[in-house]
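K.L.:
structure of the sequence below:
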Amino acid sequence: MHRLTRPGWPGNLLAVAAGALTTLALAPFDIWPLALLAVGFFYAGLRELSPRQALGRGWCFGFGLFGAGTSWIYYSIHNFGGASVLLAGLLMLAFTAAIAWFFALPAWIWARWLRRNEAPLADALAFAALWVGQEAFRGWFLTGFPWLYSGYSQLNGPLAGLAPLGGMWLISFTLALTAALIYNALRLVRTGRKGFIAAGALLLVGPWVAGLALKEHAWTSPAGPALSVAAIQGNIEQSMKWDPAQLNAQLELYRDMSFSSKRVDLLIWPETAVPVLKSSAEGYLTMMGNFAAERNSALITGVPIRQEVRHEKRFFNGITVVGEGDGTYLKQKLVPFGEYVPLQDVLRGLIAFFDLPMSDFARGPADQPMLQAKGYQVAPFICYEVVYPEFAASLAARSDLLLTISNDTWFGTSIGPLQHLQMAQMRALEAGRWMIRATNNGVSGLINPFGQITAQIPQFERGILYGEVVPMHNLTPYLQWRSWPLIIVCVLLFGWALIASRMAKTV
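P.N.:
Next up is the predicted model:
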């Protein structure tokens, strides 16, 4: 084992395997202890390396993580992007190799400035701060790719109770700290200093006890009676989604399924259920709004929207409410290549993947008002937006209910849609609010404030999901303070590590 953590290809291969192991800790496998093991291997593998060697070791870990965990990207490129098996494989390989640098650079920083092998307790704390730092940076840089965070592994694990306190970030911090402390446990004991041993034991056990104790704690309370919900899952093939010849059939499908549904307070259609500009579907939406109003219902649907911005017509992925509600929301967090093409002047026209339908959306403005439905504030998230913890928290703090609509048909039968669902569950747990999730082909479901699914319908089936949700008020500590307490702690730990490292070099 010691040989595998030293410089050389055996350790690099172990890093690739450890990164891939993280995928098994997340949905749909949910073997949460493997997340702890993967982080532990990453930490151990950097202990004896030079900064340059650590750069390569970190890249190997990232390559294994993204190669295994985002394999669903290949499905999208090949099946809907028109790329051959070889080209799709090469593009997937290039993507994985590029994004693996999100782990390579922190590994270099760790070996260059932060590592303190002679101080096991301080070393573990600094590593936990660095781990959260790299996850946060990955979710921000170039619009971010906040996927495969280790904290999601604890949705059904012992640390789930920490999510309303500090979000998924606090869980990730705890996992990294625990892994490093376990690795350093023997060295802590060898110090013979009872104070350090006691502090290490408290940091090792305390968060897990707190997570278990708070797992069923209700941070929020009902703001009103339960609302009945019907979510329509149309299960429309992606190849038909934007086919003009199929437009009327799709509009009729959602109309007829809604007409045949039970009377409910909230009737939800998925992302771009109306696959035509809102301005071109005004008559249809007015008709459906009258139908919803007659039933005392609010109908919420995804629809593309065209607006004039600075004398230029721009297109937005949007949500609108008709019937017993009001409001329109324009998506702010866009999917690269799916909704916009980076460097489009260069890439468009090269292959079909860079010319997908509806891949020229603009980003909606910040600080949009919440949707109104049945007198309550609804925080809307379109597809990819629900995977951004801080962005989701900013909207959730102003809401009574959470809503996410999506079209995960792009990912076929891969693990992508189930990973997406898990992240939506974490958002509900962090916010202490009910979430409605309506998708084109699954998984559509209702999620309670503890992040648990209370009702769902299977993937790849056409149907109507029925259930109830409860509007909630009050804020969880995470919604109130967001990640600022943890940010302050991490900055202090970085400062401590840097100062101590400099002092050690001058001695």
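K.L.:
how many residues are close by the nearest residue to residue 380 once chain neighbours are set aside?
P.N.:
Leaving aside its sequence neighbours, residue 380 sits nearest to residue 329 (C-beta to C-beta, 6 or more residues apart in numbering; 4.4 Å). Every residue, glycine included, has its C-beta placed from N, CA and C. Residue 329 has 27 neighbouring residues, counting by other C-beta atoms under 10 Å.
K.L.:
for residue 329, which residues are in contact?
P.N.:
For residue 329, the contact set (C-beta atoms under 8 Å, 6 or more residues apart in numbering) comprises 318, 319, 320, 364, 368, 371, 380, 382.
K.L.:
out of these, which are buried?
P.N.:
Among the contacts of residue 329, those scoring as buried are 318, 319, 320, 364, 371, 380, 382 (criterion: 16 or more other C-beta atoms under 10 Å).
K.L.:
just the ones of those in strands?
P.N.:
318, 319, 320, 371, 380, 382 (DSSP state E).
K.L.:
so the second one bridges to which residues?
P.N.:
Translated: residue 319. residue 302, residue 329 (DSSP bridges).
K.L.:
quick check: it touching residue 299?
P.N.:
No - with contact defined as C-beta atoms under 8 Å, residue 319 does not count as touching residue 299 (11.0 Å).
K.L.:
break down the stretch 201-350 of the chain into its helices, ranges please.
P.N.:
For the stretch 201-350 of the chain, the helices defined by DSSP state H, counting those that start in this stretch occupy 238-241, 247-259, 282-294, 344-347.
K.L.:
swap in the stretch 51-200 of the chain?
P.N.:
Under the criterion DSSP H, counting those that start in this stretch, the stretch 51-200 of the chain contains helices at 51-69, 72-79, 85-99, 101-109, 120-138, 163-191, 194-213.
K.L.:
and the helices of the stretch 201-350 of the chain: which comes nearest residue 423?
P.N.:
Minimum separation from residue 423 across the helices of the stretch 201-350 of the chain (C-beta to C-beta) falls at helix 238-241, 21.2 Å.
K.L.:
how distant is the closest one from the center of its chain?
P.N.:
Helix 238-241 has its C-alpha centroid displaced from the chain centroid by 25 Å (C-alpha atoms, centre = their mean, to the nearest Å).
K.L.:
so which bits of it are buried?
P.N.:
By neighbour count on 16+ other C-beta under 10 Å, the buried set for helix 238-241 is 238, 241.
K.L.:
would you mind measuring from the spatially most central residue of the chain to residue 397?
P.N.:
Against the mean C-alpha coordinate of the chain, by C-alpha atoms, centre = their mean, the closest residue is residue 387 at 2.4 Å. To residue 397, residue 387 is 18 Å away according to C-beta to C-beta, to the nearest Å.
K.L.:
which stretches of the stretch 351-500 of the chain form strands?
P.N.:
Secondary structure of the stretch 351-500 of the chain (DSSP state E, counting those that start in this stretch): strands located at 371-373, 376-382, 401-406, 435-439, 444-447, 453-457, 463-469, 472-473.
K.L.:
to residue 102, which of the ones you listed lies closest?
P.N.:
Closest of those to residue 102 is strand 376-382, at 23.5 Å (criterion: C-beta to C-beta).
K.L.:
re earlier: measure the residue nearest to the centre of the chain to residue 154 for me?
P.N.:
As judged by C-beta to C-beta, residue 387 and residue 154 stand 16 Å apart.
K.L.:
and residue 89, how many residues sit next to it?
P.N.:
Neighbourhood size, residue 89 [other C-beta under 10 Å]: 14.
K.L.:
which residues does it contact?
P.N.:
residue 74.
K.L.:
got the confidence number for the residue nearest to residue 432 when sequence neighbours are not counted?
P.N.:
Once flanking residues are discounted, residue 432 sits nearest to residue 220: 3.7 Å by C-beta to C-beta, 6+ apart. On pLDDT, residue 220 comes in at 98.
K.L.:
show me this protein divided up by domain.
P.N.:
3-218+482-506, 221-475 (automatic domain parsing).
K.L.:
would you mark the buried spots in stretch 81-96?
P.N.:
Going by neighbour count (16+ other C-beta under 10 Å), the buried part of stretch 81-96 is 81, 83, 88, 91, 92, 95, 96.
K.L.:
repeat for stretch 242-251
P.N.:
In stretch 242-251, counting by 16+ other C-beta under 10 Å, buried: 242, 246, 247, 250, 251.
K.L.:
mean confidence for that stretch?
P.N.:
pLDDT averaged over stretch 242-251 gives 94.
K.L.:
and for stretch 448-457?
P.N.:
In the prediction, stretch 448-457 has an average pLDDT of 98.
K.L.:
other residues contacting that stretch?
P.N.:
Stretch 448-457 has contacts (C-beta under 8 Å, 6+ apart) with 155, 160, 163, 215-216, 218-220, 233, 425-426, 428-429, 431-434, 442-447, 463-467, 472.
K.L.:
narrow the residues you listed to those that are buried.
P.N.:
Buried among the contacts of stretch 448-457 by 16+ other C-beta under 10 Å: 155, 160, 163, 215, 219-220, 233, 425-426, 428-429, 431-434, 442-447, 464-465, 467, 472.
K.L.:
output the lowest mean pLDDT helix or strand found in the chain.
P.N.:
For the chain, using mean pLDDT, DSSP states H and E, the weakest element among its helices and strands is helix 344-347, scoring a mean of 51.
K.L.:
now, the most widely separated pair of the buried residues of stretch 81-96?
P.N.:
Counting by C-beta to C-beta, the most remote pair of those is 81 and 96, 16.2 Å apart.
K.L.:
I'd like the helices of the stretch 201-350 of the chain as CSV, with distance to residue 313 appended.
P.N.:
Below are the helices of the stretch 201-350 of the chain laid out as CSV (distance: least, C-beta to C-beta, whole Å):
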stretch, distance to residue 313
helix 238-241, 22
helix 247-259, 21
helix 282-294, 17
helix 344-347, 17
